[in-house]
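S.K.: Model the structure of this input:
(one chain, ligands or ions: 1)
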Amino acid sequence: MKVIHLADLHLDSRLTSVLPSELAKQRKRELLKAFLNMVDYARDNDVEAIIIAGDMFDSDSILVSTRTGVTNAILANPSIEFYYLRGNHDMDNVLSDEDVPPDNLHFFDDTWTKYILNYKGEGNICLYGAELTQSNSKHICLELQPDSADFNIVTLHGQITGSAVKDKAENINIKELKDKGIDYIALGHVHAYKEEKIDARCTYCYPGCLEGRGFDECGEHGFVLLDIDEVSRTYTHEFIPFASRMLYEEELDVTGVSGTFETMEKIRDFLDNIAIESKHLVRIVLTGEVDVKCEIDTAMIEDNFADRFYILKVKDNTKIKLDLDSFKKDLSLRGEFIRTVEEDESLSDEDKASIIKIGLQGFAGEDFE
Ligand SMILES: [Mn+2]
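M.R.: The predicted model follows:
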C-alpha cells in the first residue's frame, strides 16, 4: 500500500514579505496548485492514503476558491483517503465546516484517534493521530498504546524537544514514543526535510513544506512516499521533490565597489556564471567592505534585474571600511565629528562606522535613512 505524508502547505499565507502583492497573489494560487498536483500524482501512482500532518492552511480568512479547490480535489478522488491533522497555523477546521465534508476526508482531535488505512485488506496498517494543545502535550505521547503486531504510523504536529527553535508550537518529547512498536512517525511543523531513527523499528520524519515561501526555506521541497507491504509489515520511504519553484540565497563579496553601478556589474557577472533557472526566486546577499562614501541602492538593482528571475532580491550586508587616518588632520566640523565618534568607548566598531556614514551623508547634504 502506498501512502503520501506531507505537511506545512500554509495555503493562503500572505507571502508579501518576499513578493509584491500581484506576485504574492499568483504564488498563493501556486501553493494551492501544488496540493492539486500532489493529489494527481497520488492518483497516477496508486496511492491509497494521504496524511496531511498539519498547517495545511495559514490565514484567518481562507479564500472560497482555496477551500473549494481542496474539497473538490478530495471529492474527485474517492479512491484516496485523506487524513488531515490540524497544526498550530490551522485556525478552525476549515474543511469540516463544509456543509457535507467528503466521506474520504478524516479528521483528528485532541485525543488519540485510530484509523485503519488498509481496511479493504489485512486491516493491519494503523494510523494514530492527535492534535497537540498546551494541556495534552505533556502526557499524550505517554498514553499511546499501539498493537506492535500491526504496522503503526503516528502523526503529530509540533516541535520535537531538544531543538533550539522557539515558537508557539507544542513540543513533542520523541523519547516518549521510543520502543512502542511504532514504525513511522509522520510529523509536521519543521519546514525542511528531516528524518531520524529513534529505536530499531521506528523512524520519525518531517517532510518539510510542499513549496518554499521565503528565503529561510531554500532548497528542495516536496513530500514523502511510503510503500508498505502489509504481509511482511516492512516498508520503504523516499522524499519526492515536488516544488514548482525554488528559493536560492547566494552571497556575493563586493569589497571595494564604488557604488550602485559597479555593484550591478558584479551581480551581472555573478548571475552569468550560476546555473539557476529563471523561474526561481533568488536573493543576493552582498558582503565585504566598502568605502564610507559608497552608496548601494538595492531597490534600483532589484528593478534592473527584475526580468531575470521570478523575483530577485538584494540584501546589503556590506561593512564600511573607514580610513580614519585620512580624517585625523581634518580641522573642519566633519573631522571633529569623526574624532568624537571614534573616541566614544561606549560604541562598537560597527556602530561607529554606521554613525560616521550617516553623519558624512548629512555633511554632504544627501538624503539619509
Ligand atoms: Mn506549524
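S.K.: residue in the stretch 251-369 of the chain nearest to the ion?
M.R.: Going by CB to the ion, the ion is nearest to L281 of the stretch 251-369 of the chain, at 21.7 Å. Yep, even glycine has a C-beta here, placed from its N, CA and C like the rest.
S.K.: what helices or strands is the helix or strand bottoming out on mean pLDDT in the chain leaning on?
M.R.: Lowest on mean pLDDT, DSSP states H and E among the helices and strands of the chain sits helix 325-328, with a mean of 72. On a contact count with 3 or more CB pairs under 8 Å, 6 or more residues apart in numbering; DSSP states H and E, helix 325-328 meets helix 333-343.
S.K.: Now do the phi/psi pair for the residue lying closest to L333 once chain neighbours are set aside.
M.R.: Once flanking residues are discounted, L333 sits nearest to F363: 7.6 Å by CB to CB, 6 or more residues apart in numbering. With angles defined as degrees, to the nearest 10, F363 sits at phi -60, psi -30.
S.K.: Render the CA-only coordinates of the least confident helix or strand of the chain in CSV, please.
M.R.: Extracted C-alpha coordinates of helix 325-328, given in CSV (Å, rounded to 0.1, in the frame of the first residue of the first chain):
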residue,chain,number,x,y,z
ASP,A,325,43.9,58.5,9.3
SER,A,326,42.6,60.5,6.4
PHE,A,327,40.3,62.5,8.7
LYS,A,328,42.8,62.9,11.6
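S.K.: tell me which parts of the stretch 151-300 of the chain are close to the ion?
M.R.: H189 (CB under 5 Å from the ion).
S.K.: ok, the residue in the stretch 151-300 of the chain that the ion sits nearest to - contacts?
M.R.: Using CB to the ion, the closest approach of the stretch 151-300 of the chain to the ion is made by H189 at 3.9 Å. With contacts defined as CB atoms under 8 Å, 6 or more residues apart in numbering, the neighbours of H189 are 7-8, 54-55, 87-88, 157-159, 169, 206.
S.K.: cool, and E211?
M.R.: By CB under 8 Å, 6+ apart, the contact set of E211 is 9, 30-31, 34, 221, 243-245.
S.K.: what does G219 give?
M.R.: Neighbouring residues of G219 by CB under 8 Å, 6+ apart: 192, 212, 246-247.
S.K.: at 10 Å what do you get?
M.R.: 191-193, 208, 212, 241, 243, 246-249 (CB atoms under 10 Å, 6 or more residues apart in numbering).
S.K.: Hmm, E336 is touching D330, no?
M.R.: Yes: counting by CB atoms under 10 Å, E336 does reach D330; the two are 8.2 Å apart.
S.K.: What are the structural domain limits within this structure?
M.R.: 2-241, 247-363 (automatic domain parsing).
S.K.: returning to what we had before: the contacts of H189: which two are farthest apart?
M.R.: Across those, the longest distance by CB to CB is 14.2 Å; it joins N88 and Y206.
S.K.: Compare these two (neighbour count), which wins?
M.R.: Neighbour count, other CB atoms under 10 Å: between N88 and Y206, Y206 has more, with 24 against 19.
S.K.: which stretches of this structure form helices?
M.R.: 21-44, 64-75, 140-143, 260-272, 298-304, 325-328, 333-343, 349-363 (DSSP state H).
S.K.: Make TSV out of those and add distance to H106.
M.R.: Listed next are those as TSV, based on distance: least, CB to CB, whole Å:
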stretch	distance to H106
helix 21-44	15
helix 64-75	10
helix 140-143	19
helix 260-272	47
helix 298-304	45
helix 325-328	71
helix 333-343	65
helix 349-363	54
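S.K.: With mean neighbour count added, can I get these in a markdown table?
M.R.: Formatted as a markdown table, those follow (neighbours: other CB atoms under 10 Å):
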| stretch | mean neighbour count |
| --- | --- |
| helix 21-44 | 16 |
| helix 64-75 | 17 |
| helix 140-143 | 16 |
| helix 260-272 | 16 |
| helix 298-304 | 14 |
| helix 325-328 | 12 |
| helix 333-343 | 15 |
| helix 349-363 | 15 |
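S.K.: Out of those, flag the one nearest V290.
M.R.: Comparing these under CB to CB, the one sitting nearest is helix 260-272, at 8.7 Å.
S.K.: From the contact counts, what lies against that closest one?
M.R.: Under the contact criterion of 3 or more CB pairs under 10 Å, 6 or more residues apart in numbering; DSSP states H and E, helix 260-272 touches strand 247-253, strand 281-287, helix 298-304, strand 311-316.
S.K.: tally of neighbours for the spatially closest residue to the residue of the stretch 251-369 of the chain closest to the ion that is not a sequence neighbour?
M.R.: With sequence-adjacent residues excluded and distances taken as CB to CB, 6+ apart, L281 is closest to L247, at 4.6 Å. Number of residues near L247 (other CB under 10 Å) recorded here: 23.
S.K.: and L247, what is it in contact with?
M.R.: Listed by CB under 10 Å, 6+ apart, the contact set of L247 reads 18, 211-219, 221, 280-283, 310-311, 313.
S.K.: Could I have the ChimeraX command that selects the buried members from the residues you listed?
M.R.: Here is the ChimeraX selection string for the buried members of the contacts of L247, based on 16 or more other CB atoms under 10 Å:
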select :18,211,212,213,215,217,218,221,280,281,282,283,310,311,313
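S.K.: Name the residues of the stretch 1-150 of the chain found near the ion, please.
M.R.: 55, 87-88.
S.K.: go with 6 Å
M.R.: 54-55, 87-89 (CB under 6 Å from the ion).
S.K.: Of these, which is the nearest to F107?
M.R.: F107 has its nearest neighbour among those in G54, at 12.0 Å by CB to CB.
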